[in-house]
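K.L.:
coords please:
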Amino acid sequence: MRPFELTEVPALSRSTVDRQEALRNDPERLTARWPNARIVVVDRWGRTPVRCEAIESDAAPVSTRKAAEFTGEPPAEASFLGEWDGVDHWMLPVDPPSDSETIELDGGWGVRQDVPVSADEAWLDLRGHGALLDGTSAGLLTTAEALRNWHRRGRFCARCGAAVQRVQFGWASRCTGCDREEYPRTDPAVICLVHDDVGVNGAHVLLARQPVWPPKRYSVLAGFVEAGESLEGCVEREVREEVGVDVGDVRYLGSQPWPFPRSIMVGFAARTACGAAPTPADGEIEEARWFSRADVRAAFDGEHDELILPGSTSIASVMLRSWASAEQ
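P.N.:
Below you'll find the predicted structure:
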């Protein structure tokens, strides 16, 4: 019997785009290719258009635009995302559609969400609908959202407080006061599936829910890595702090960018003693419960009355599906 592994690549880790880091300092080349580039347009809520007819395919491409429709050269607010299939791809912020109707889609966690529709295109956000996109589009939009959030939150220099300007086609900022350069930040966070020590993969998984979540919504445990802390140490600390349980056999499963606003989720599995009683952290965890493999399978099939699990955009969903499909 082998310890379980992820059975699929997390939805936001499927990028196929060559990021072409060297080109960020090659304005002549990028400007020359701009007229033939494709643009991922993103509105102020992080939504991008997808053809309505493609949504049901579960591998929908983002509806990119021709760069030549906007300007003759890359505007200051554009960010270079990389190259795919011989074509440069960029992100450009745009206003949301003003003539939209709405359709209802699953926004994750079993919650229905009204999505604006204009010109036969639905404007989808990454958090709720990233799993509906094909791998290339998911990678493009994930990078676009990460850069958009970083620029939106980093408009002033951390050293002197002066305004900053974009450089390297969105991949750095330079202070207009002290000339300090800064690059997009990523904050690491761990996310851990804790199971009991029955067999290799356990018979039960420990899930919890936050006070702000509706009843029945549960997920695996997660938290940010602190300064001077290892990833494994963060797993042990977060689980102990959130549910009062000591874990061991911490092992890496996989990772997924989570640009809300600028994280990467590093997934782990860990074991604890069968029957360990969780003690939820006051004000942080509303409830923590053990669920069987049959419970998790039934919840994913929509047949469990007391358990709603994360949507498929989150790495938590992949972790739980992988554990549920493994043998004990």
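K.L.:
contacting residues for Asp301?
P.N.:
Counting by CB atoms under 8 Å, 6 or more residues apart in numbering, Asp301 touches no other residue. For every residue, glycine as well, the C-beta is placed using N, CA and C.
K.L.:
what of the one 10 residues further on?
P.N.:
Gly311 makes contacts with Asp106, Gly107, Gly108, Trp109, Gly110, Gly128, Ala131, Ser317, as judged by CB under 8 Å, 6+ apart.
K.L.:
where does confidence bottom out across those residues?
P.N.:
Across the contacts of Gly311, the bottom pLDDT score, 74, is held by Gly110.
K.L.:
wait, doesn't it sit right on Ile308?
P.N.:
Yes - between Gly110 and Ile308 there is a contact under CB atoms under 8 Å: 5.1 Å.
K.L.:
just give the nearest non-adjacent residue to the residue nearest the centre of the chain, would you?
P.N.:
Closest residue to the average C-alpha location of the chain: Trp258 at 2.9 Å, with CA atoms, centre = their mean. Using CB to CB, 6 or more residues apart in numbering and skipping the chain neighbours, the partner closest in space to Trp258 is Met265 (4.8 Å).
K.L.:
Three-state assignment for that neighbour, please.
P.N.:
Three-state assignment for Met265 (DSSP: H, G, I helix; E, B strand; the rest coil): strand.
K.L.:
now it: how far from Cys234?
P.N.:
Applying CB to CB, to the nearest Å, the value for Met265 to Cys234 is 12 Å.
K.L.:
just checking, what packs against the helix or strand hosting Trp323?
P.N.:
Element membership of Trp323 [criterion: DSSP states H and E] is helix 315-325. If you count contacts as 3 or more CB pairs under 8 Å, 6 or more residues apart in numbering; DSSP states H and E, helix 315-325 packs onto strand 187-196, strand 248-258, strand 263-272, helix 293-300.
K.L.:
right, so of those, which gets closest to Lys66?
P.N.:
Ranking these by proximity to Lys66 (CB to CB) places strand 248-258 first, at 27.2 Å.
K.L.:
what's the single longest helix in this structure?
P.N.:
The single longest helix within the chain, with elements called by DSSP state H, is helix 135-153.
K.L.:
who does the very next helix or strand once past that one pair up with?
P.N.:
Next helix or strand after helix 135-153 toward the C-terminus (DSSP H and E): strand 164-167. The pairing partners recorded for strand 164-167 under DSSP bridges are strand 172-175 (antiparallel).
K.L.:
contact partners of the partner strand?
P.N.:
24, 151, 154, 157, 159-160, 162-167, 180-184.
K.L.:
can you do 10 Å?
P.N.:
Where contact means CB atoms under 10 Å, 6 or more residues apart in numbering, the residues beyond strand 172-175 that reach it are 24-25, 150-151, 154-168, 180-184.
K.L.:
pretty sure the residue nearest to Trp258 contacts Leu231?
P.N.:
No - with contact defined as CB atoms under 10 Å, Met265 does not count as touching Leu231 (11.2 Å).
K.L.:
now do the shared contacts for those two.
P.N.:
Common contacts of Met265 and Leu231 (CB under 10 Å, 6+ apart): Pro188, Ala189, Val190, Ser255.
K.L.:
of those residues, closest to Ala37?
P.N.:
Using CB to CB, Ser255 comes nearest to Ala37 of the shared contacts of Met265 and Leu231, at 29.1 Å.
K.L.:
need the overlap of contacts for Gly110 and Ile308.
P.N.:
Shared contacts of Gly110 and Ile308 (CB under 10 Å, 6+ apart): Pro214, Lys216, Arg217, Ala299, Gly302.
K.L.:
check what pLDDT Cys234 gets.
P.N.:
Value for Cys234, per-residue pLDDT: 98.
K.L.:
now name the helix or strand holding it.
P.N.:
helix 231-243.
K.L.:
any idea how far that helix is from the chain center?
P.N.:
21 Å (CA atoms, centre = their mean, to the nearest Å).
K.L.:
for that helix, buried residues please.
P.N.:
For helix 231-243, a neighbour-count test (16 or more other CB atoms under 10 Å) marks Leu231, Glu232, Cys234, Val235, Glu236, Arg237, Glu238, Val239, Glu242, Val243 as buried.
K.L.:
no further questions, thank you.
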